[in-house]
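Q: Predicted coordinates and the sequence they were generated for:
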Amino acid sequence: MKIGLVLLSIALSKSLFAQDRYDVIIDELMADPTPAVGLPAVEWVELKNKGPAAVNLQGWRLGDEAGLSGPFPAYMLPPDSFVIVCATSSLSQLAGFGPAIAVGSFPSLANEGELLYLRAGGKTMHALRYDLSWYGNDLKKEGGWSLEMIDTRDPCSGAGNWKASTANL
């Protein structure tokens, strides 16, 4: 019986605290929300849990070349699930589009691209350097459309794995 409790304890601590790199990834981002096309004119990123266990995002941070966001609040992200991360002032506008959490000092996402990364406990979990060319559509790169990852099983393949969304959120 003790062995079962120890294994359960290890599984719970892994799901709550320690994660492998690329278990949670940035799979969609809205860097240039204007002109608005069916969504509020605010910036956000969407995270996906690709791992086998729920992840507590408490204390995680989103960063860019200018610095880090405030820490994420406690939020359990189930396996194969998504959550929108946005500025505190944007939460009420995005909450109707799916699960969402807000952070202080949300990074200002450059419209033409920049380095964006996700950190947990000082460890980089996922990073990407997005670019306008990733839209693959001259109209959509003018704003109002998000960029979304095509194949989340290959989060490091760069430009060829991103496209303009076909339906925002």
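A: Sure thing, it's come through. Numbers count the residues shown, from 1 in each chain.
Q: what's the neighbour count on the closest residue to residue 48 other than its chain neighbours?
A: The spatial neighbour of residue 48 that comes closest, neighbours along the chain excluded (CB to CB, 6 or more residues apart in numbering), is residue 27 at 4.3 Å. (C-beta placed from N, C-alpha, C; glycine too.) Residue 27: 22 surrounding residues under other CB atoms under 10 Å.
Q: how about residue 27, what does it touch?
A: Residues in contact with residue 27 (CB atoms under 8 Å, 6 or more residues apart in numbering) are 46-48, 82, 148-149, 152, 155.
Q: and it, what element?
A: strand 24-30 (DSSP states H and E).
Q: circling back: please report how far the residue nearest to residue 48 lies from residue 161.
A: 10 Å (CB to CB, to the nearest Å).
Q: Without its sequence neighbours, what residue ends up closest to residue 91?
A: Per CB to CB, 6+ apart, closest to residue 91 is residue 102, 4.0 Å.
Q: now the one helix or strand the one you found maps to: mean pLDDT?
A: Applying DSSP H and E as the criterion places residue 102 in strand 100-103. For strand 100-103, mean pLDDT rounds to 98.
Q: picking up where we left off before, the strand holding residue 27 pairs with which strands, parallel or anti?
A: Strand 24-30 has the following strand partners under DSSP bridges: strand 44-49 (antiparallel), strand 147-149 (antiparallel).
Q: And these: which comes nearest residue 77?
A: Nearest of the strands paired with strand 24-30 to residue 77, taken as CB to CB: strand 44-49 at 4.5 Å.
Q: Could you give the separation of the closest one from the chain centroid?
A: 3 Å (CA atoms, centre = their mean, to the nearest Å).
Q: ok, and what's touching it?
A: Counting by CB under 8 Å, 6+ apart, residues outside strand 44-49 touching it are 23-30, 55, 57, 62, 77-86, 90, 94, 100, 109, 116, 118, 146, 152, 169.
Q: Can you tell me which of those residues are buried?
A: 23-30, 55, 57, 62, 77, 82-86, 90, 94, 100, 109, 116, 118, 146, 169 (16 or more other CB atoms under 10 Å).
Q: distance between the ends of stretch 140-149?
A: Using CA to CA, to the nearest Å, one end of stretch 140-149 lies 15 Å from the other.
Q: Now that stretch: buried residues?
A: Per 16+ other CB under 10 Å, stretch 140-149 contains these buried residues: 140-141, 143-149.
Q: nearest to residue 36, of those?
A: residue 144 (5.7 Å).
Q: what helix or strand is residue 53 on?
A: Using DSSP H and E, no helix or strand contains residue 53.
Q: so how many other residues sit close to it?
A: When counting by other CB under 10 Å, one arrives at 16 neighbours for residue 53.
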